[in-house]
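In: Compute the structure for the input listed below.
(one chain, ligands or ions: 1)
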Amino acid sequence: MTEILKTEGLSRYFGAVTAAENINVTITEGEIVGVIGSNGAGKTTFINMVTGYLPPSKGSISFDGKPIKGLGPRKLMRKGLTRSFQIPQLFLELPVIDNLSIALAAAEHKQFQMLCPVHTPERLKAAEEILEQMHITEYRDEMVTAMPQGARKLLDIAIAMLGKPRMLLLDEPTSGVSMEEKYTLMDTVMEAVRARGLTVLFVEHDMEIVQRYVTRVLAFASGVVIKDGPVDEVLADEKVQELVTGKQHKPTASGGDA
Ligand SMILES: Nc1ncnc2c1ncn2[C@@H]1O[C@H](COP(=O)(O)OP(=O)(O)OP(=O)(O)O)[C@@H](O)[C@H]1O
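Out: Sure, this is the predicted structure:
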């Protein structure tokens, strides 16, 4: 199995606050990994460091066997490492098709060229293909403001996929999405992920979603990875239940844990 992402001793401090401490993680190609942890546990800090949005205070990151620490998001995107956001980063007052064409233009050019036409036939074709794959073709000519939250999340993830990444980091893909929409959204995303053979790491608070879509879990608490392993093993772990998922251990009659 080929290693795609590796972090060693990755840490980030904000003054006296330790947001992430000594994160050592190796992800192999094709893995679907969930990142769990209570609020403030360091999940977004980890994603931000890996995707070039936040410089680490200490440690190293390699992607595809090469060091990437210090590279910005656009350079990382060209190397095949990209992300989506907790709050979709979209041009709200522009039509969906423009959002996609602009993203494609930005991915193609080192320098964004304002004077070049944004809707080339190739870009429109690529945009329409991804709209269809993400089941949001009906919003093609609508402003982003007309889309429900689930469809906006799908558009944000579609944009992350436009650059033909090898690895995708999703920051809370189902946050703000209704209970009924969550599974449809994740089924759509995972279908697109499988079609492209992508490696995925995604932050998630909903344990039912985690159980259903990932094979491996990284559990964060107070900036540290307290458990890394197969989903069932991590979710059954006492410390994870105490610090992350909020389930209390019931003492048995003999005084031990149930
Ligand atoms: N820019 C910043 N300045 C100061 N402290 C920060 C900054 N960003 C994050 N932190 C702190 O770092 C810690 C980890 O935050 P982070 O956002 O990574 O947690 P999280 O697990 O993603 O939480 P959530 O689930 O609420 O999004 C928290 O204590 C947070 O307050």
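
In: ok now do the residue nearest to S222 when sequence neighbours are not counted, which residues does it touch?
Out: Distances taken as Cβ to Cβ, 6 or more residues apart in numbering put A41 closest to S222, at 6.6 Å, once the chain neighbours are dropped. Quick note: C-beta positions are derived from backbone N, CA and C, even for glycine. Contacts for A41 (Cβ atoms under 8 Å, 6 or more residues apart in numbering) come out as 220-223, 244.

In: which of those sit farthest apart?
Out: The span of those, defined through Cβ to Cβ, is set by G223 and V244 at 13.1 Å.

In: Neighbours of the closest residue to R140 other than its chain neighbours, how many?
Out: Leaving aside its chain neighbours, R140 sits nearest to I97 (5.2 Å; criterion: Cβ to Cβ, 6+ apart). Neighbour count of I97, defined by other Cβ atoms under 10 Å: 19.

In: element containing I97, please.
Out: helix 96-108 (DSSP states H and E).

In: pLDDT on that helix, on average?
Out: Across helix 96-108, pLDDT averages out at 86.

In: mind listing what's buried in the helix or strand following it?
Out: For helix 96-108, the succeeding helix or strand toward the C-terminus, using DSSP H and E, is helix 121-133. For helix 121-133, the neighbour count (16 or more other Cβ atoms under 10 Å) marks 123-124, 126-127, 130-131, 133 as buried.

In: what do you get for stretch 148-156?
Out: 149-156.

In: Please apply the same query to stretch 87-105.
Out: Quick answer for stretch 87-105 (16+ other Cβ under 10 Å): 88, 90, 95-105.

In: Which ones, among the residues you listed, also lie beside the ligand?
Out: Residues of the buried residues of stretch 87-105 in contact with the ligand (Cβ under 6 Å from any ligand atom): none.

In: The stretch 101-250 of the chain: strands as residue ranges?
Out: 167-171, 199-203, 216-221, 224-230 (DSSP state E, counting those that start in this stretch).

In: now those strands as a markdown table including mean pLDDT, distance to the ligand and mean neighbour count?
Out: A markdown table is the format used below for the strands of the stretch 101-250 of the chain (pLDDT from 0 to 100; distance: least, Cβ to the nearest ligand atom, whole Å; neighbours: other Cβ atoms under 10 Å):
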| stretch | mean pLDDT | distance to the ligand | mean neighbour count |
| --- | --- | --- | --- |
| strand 167-171 | 94 | 8 | 24 |
| strand 199-203 | 95 | 7 | 24 |
| strand 216-221 | 97 | 6 | 23 |
| strand 224-230 | 97 | 11 | 17 |
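
In: would you list those strands in a markdown table and tack on distance to E31?
Out: Compiled in a markdown table, those are given as follows (distance: least, Cβ to Cβ, whole Å):
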| stretch | distance to E31 |
| --- | --- |
| strand 167-171 | 9 |
| strand 199-203 | 6 |
| strand 216-221 | 6 |
| strand 224-230 | 11 |
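
In: how close does E128 sit to V193?
Out: 20 Å (Cβ to Cβ, to the nearest Å).

In: Now for M77: which residues touch it?
Out: 107, 163, 165.

In: Next up, phi/psi of the residue nearest to the first one when sequence neighbours are not counted, please.
Out: To tie it back to what came earlier, the one meant is A107. Excluding the flanking residues, the one nearest A107 by Cβ to Cβ, 6+ apart is G163, at 4.4 Å. Here is the backbone geometry of G163 (degrees, to the nearest 10): phi -80, psi 10.

In: can you check K164 too?
Out: phi 50, psi 60.
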